[in-house]
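K.L.:
the sequence and its predicted three-dimensional model are supplied below.
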Amino acid sequence: ASLRLVYVGGEELPVDLFGRLAAKSDARLDNMYGPTEAAVSVTYYRCDDRDLLSVPIGVPVWNTQLYVLDGRMQPTPVGVPGELYLGGVQLARGYFGRLDLTAERFIADPFGEPGSRLYRTGDLVRWNRDGLLEFLGRTDFQVKVRGLRIELGEIEAALVVQDGVTQAVVVVHESDLGQQLVGYVVPESGRSVDTKAVREAVGRVLPAYMVPDVLMVVDEFPLSSSGKVDRKVLPVPVWAPRVFRAPTTPVQEIVAGVFAEVLGVERVGLDDDFFALGGNSLVATRVIGRLRSEADTTVALQWLFSDPTVEALAGRIATGVEGDAAEGFGPVLPIRESGEATPLFCIHPIVGLSWCYTGLTRHLDGDMPIYGIQSPAILEEGFVPESLEELADRYISEIRTVRPSGPYRLLGWSLGGVIAHAMAVRLQAAGERVELLAMMDSFVGSARDANGDGSSGSITMSELLGGFGVDEDVAGTSASDLSVDAVATELARLTGQSVERTEQVVGRLLSTAERNSRLMSEYRPERFDGDIVFFTATADDATGTRAVRGWDGAATGKVDNHPVPATHWRMTSPEALALVGPVINDASVLVGQISSNTTGEDTPPNGSAGQSTTEPSRIVAGGS
């Protein structure tokens, strides 16, 4: 009864432990955080009786600065994970006799006075909406599973917020199936955890390859002598048997062998998916080149996009029908041709290629066909549009070859979103129905002039690779400052194609990108009659509204803004598309229901069903 104050530190504080103390004592409980390098606690949170999903580590103590930064040392917005950096008078000077480690962890403070330093903690955290810091895990718990880099802390953070879960740990186990992600959760006292429901919920916020293959419920985590979770003694799961189906036909053996060699995988079976094994669109061109040689037939690039498993791709090749070797660069890229729903047309970013959208096949309804729209200038030397509207007219004629009349669904990333808006306006003017217009971090007008999106000025290697579907940031490298030969040589190395063949494509891509940048800077949007689904790259913009501001007034309906924790040039990364896809799905289902339930009399001729055409657009915060 005499106990008045309790300080807790050293390890993450479980919610149920706080609850058990509160049930037995009126003592005040302060949750503390701080590494030895900052001597010693640098944050605190005074626990109260609010309904908590996790116990925050709180706010900084006196004379301490906290920064939550992304991989580019830029502050992350609320809710987006980042690494915690500490500043202040209490930092240690470094590690005795370890200049290398000191230089790695004690870095120059880009936000402070000259000579000041920050300590890089290696802890993954995020700010919540109450201005409190939440601990998510360690950034050095990064692993590589099936060729993909994964932050275990991000998965643990997604697990611990699920209903009934108080603690979560994720590890990688080796089995006869290869590397497997295993999640361990501790349930709330007296409650059970529906592991299937939890995995499904995690799959709605994380990419499929980050969802634990197995989820185990344990009463408590084993602890080391220092009181930390001892991951090495967590129980090993019993794996459900999986039948490995080996290739049986010569074509299947060729496909499996090429997958294994190019992706560096030891064993590939009939059910293995090229992209799930770590492949991307650029590596796909290398695979196709090898298959054309070894199977002695012309294999189309988009076959791998639509049929990425060994069995499905081998089946396409075995039909004896040869593909068009130029189809991967044609104005219409069939990413997925099957399905009865209204197709989604994805407009290329500034470089002119739409390969970057191929990852959507794993996140969009399987009944929805997906087509990429690419610059005709890649194959047509004489195609030089004088305005973005002229470009939009040409692309409308291309989508009509697939779908002669509406309704239409349009999606565009960066410049592609601007073109999609122009297409939507012109389709409506022609009496067609545009039931979905979606944009991914697209800039226009004053927002573009004030902030830019990397599309003005010289074209970077990141932009060039982004068109090929590779979400890598190549900092400080301007593709247009390099010779066409140099860029072609690099792409030829990545794709396995000849330098001569790649050189012509690269030259046209760079000139197309520069021309597109000028057309975008000159474009002044008319008003689209309907709503806009918008996605903002929040890793570049702490406000979450940088790009979307330019579209205020460009639609009669609302601009529904969804934050995506990625940089502009990683908006088509697997992680980003895992968030974009479900939103597109939900919007498509909604507009599909409106289309099927609305008669011609109730539907405005050029707008979304039931949408007022008199109110100006308004920007609203979305959630994803």
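P.N.:
Yep, that arrived. Numbering: from 1, shown residues only.

K.L.:
where do the helices sit along the stretch 351-500 of the chain?
P.N.:
Taking DSSP state H, counting those that start in this stretch as the criterion, the stretch 351-500 of the chain carries its helices at 388-402, 415-429, 445-451, 461-467, 484-495, 499-522.

K.L.:
before we move on, what about the stretch 1-150 of the chain?
P.N.:
Remark: helices assigned in the stretch 1-150 of the chain by DSSP H, counting those that start in this stretch are 15-24, 99-105.

K.L.:
averaged pLDDT, the longest one. What do you get?
P.N.:
Per-region confidence: helix 15-24 scores 84 on mean pLDDT.

K.L.:
packing partners of that helix?
P.N.:
Packing partners of helix 15-24 (3 or more C-beta pairs under 8 Å, 6 or more residues apart in numbering; DSSP states H and E): strand 28-33. C-beta: built from backbone N, CA, C; applies to glycine.

K.L.:
neighbouring contacts of the strand it packs on?
P.N.:
The contact list for strand 28-33, computed with C-beta atoms under 8 Å, 6 or more residues apart in numbering, reads 4-9, 13, 18, 21-22, 41-47, 55-58, 133, 135.

K.L.:
how close does residue 167 sit to residue 56?
P.N.:
As for residue 167, its distance to residue 56 is 15 Å (criterion: C-beta to C-beta, to the nearest Å).

K.L.:
among the contacts of strand 28-33, name the ones in strands.
P.N.:
Counting by DSSP state E, the part of these found in strands is 5-8, 43-46, 133, 135.

K.L.:
any chance of those in a markdown table, with neighbour count too?
P.N.:
What follows is these, written out as a markdown table (neighbours: other C-beta atoms under 10 Å):
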| residue | neighbour count |
| --- | --- |
| 5 | 8 |
| 6 | 14 |
| 7 | 11 |
| 8 | 19 |
| 43 | 23 |
| 44 | 20 |
| 45 | 21 |
| 46 | 10 |
| 133 | 21 |
| 135 | 23 |
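
K.L.:
quickly name whichever of those is closest to residue 201.
P.N.:
Nearest to residue 201 out of the ones in strands among the contacts of strand 28-33 is residue 135 (C-beta to C-beta; 21.0 Å).

K.L.:
these two touch, right, that closest one and residue 12?
P.N.:
Yes. Counting by C-beta atoms under 8 Å, residue 12 is a contact partner of residue 135 at 5.7 Å.

K.L.:
list the buried residues of stretch 576-590.
P.N.:
The neighbour-count check on stretch 576-590 (16 or more other C-beta atoms under 10 Å) flags 576-584, 587-588 as buried.

K.L.:
same question for stretch 64-71.
P.N.:
Buried residues in stretch 64-71, counted by 16+ other C-beta under 10 Å: 64-70.

K.L.:
what ranges in the stretch 501-624 of the chain fall below the confidence cut-off?
P.N.:
Counting by pLDDT under 70, the stretch 501-624 of the chain has low-confidence residues at 501-502, 504, 541-544, 591-624.

K.L.:
just the strands from it, written as ranges.
P.N.:
Assigned by DSSP state E, counting those that start in this stretch, the stretch 501-624 of the chain shows strands spanning 532-537, 558-564, 618-621.

K.L.:
partners of the longest one, with directions?
P.N.:
Each strand that pairs with strand 558-564, with its direction, by DSSP bridges: strand 532-537 (parallel), strand 618-621 (parallel).

K.L.:
CA atoms of that strand as PDB?
P.N.:
In PDB, the C-alpha atoms belonging to strand 558-564 read as follows (Å, rounded to 0.1, in the frame of the first residue of the first chain):
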ATOM      1  CA  LYS A 558     -13.900  14.600 -53.600                       C
ATOM      2  CA  VAL A 559     -10.200  13.800 -53.800                       C
ATOM      3  CA  ASP A 560      -9.900  10.800 -51.500                       C
ATOM      4  CA  ASN A 561      -6.300  10.900 -50.300                       C
ATOM      5  CA  HIS A 562      -4.700   7.600 -49.100                       C
ATOM      6  CA  PRO A 563      -1.200   7.800 -47.500                       C
ATOM      7  CA  VAL A 564       1.400   5.200 -48.700                       C
END
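
K.L.:
roughly how far is that strand from the heart of the chain?
P.N.:
15 Å (C-alpha atoms, centre = their mean, to the nearest Å).

K.L.:
alpha carbons only: can I get the particular helix or strand that has residue 315 in it in PDB?
P.N.:
Using DSSP states H and E, the element containing residue 315 is helix 310-318. Extracted C-alpha coordinates of helix 310-318, given in PDB (Å, rounded to 0.1, in the frame of the first residue of the first chain):
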ATOM      1  CA  VAL A 310       6.400 -22.700 -63.900                       C
ATOM      2  CA  GLU A 311       3.400 -24.800 -64.900                       C
ATOM      3  CA  ALA A 312       1.400 -21.900 -66.300                       C
ATOM      4  CA  LEU A 313       4.200 -20.400 -68.300                       C
ATOM      5  CA  ALA A 314       5.400 -23.700 -69.600                       C
ATOM      6  CA  GLY A 315       1.800 -24.400 -70.700                       C
ATOM      7  CA  ARG A 316       1.700 -21.100 -72.700                       C
ATOM      8  CA  ILE A 317       5.100 -22.000 -74.400                       C
ATOM      9  CA  ALA A 318       4.000 -25.600 -75.100                       C
END
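
K.L.:
what about it, average pLDDT?
P.N.:
Computed over helix 310-318, the average pLDDT equals 87.

K.L.:
which elements pack onto that helix?
P.N.:
helix 250-263, helix 301-306.

K.L.:
now, of those, which is deepest in the fold?
P.N.:
helix 301-306 (a mean of 23; mean count of other C-beta atoms under 10 Å).

K.L.:
average pLDDT for it?
P.N.:
Helix 301-306 shows a mean pLDDT of 77.

K.L.:
now stretch 247-259
P.N.:
In this model, stretch 247-259 has a mean pLDDT of 90.

K.L.:
what residues does that stretch touch?
P.N.:
In contact with stretch 247-259 (C-beta under 8 Å, 6+ apart) are residues 265, 268-270, 272, 274, 277, 279, 287, 290-291, 294-295, 310-311, 313-314, 317-318.

K.L.:
rerun that using 7 Å as the cut-off
P.N.:
Contact with stretch 247-259 is made by 265, 268-270, 272, 274, 277, 287, 290-291, 294-295, 310-311, 313-314, 317-318, as judged by C-beta atoms under 7 Å, 6 or more residues apart in numbering.
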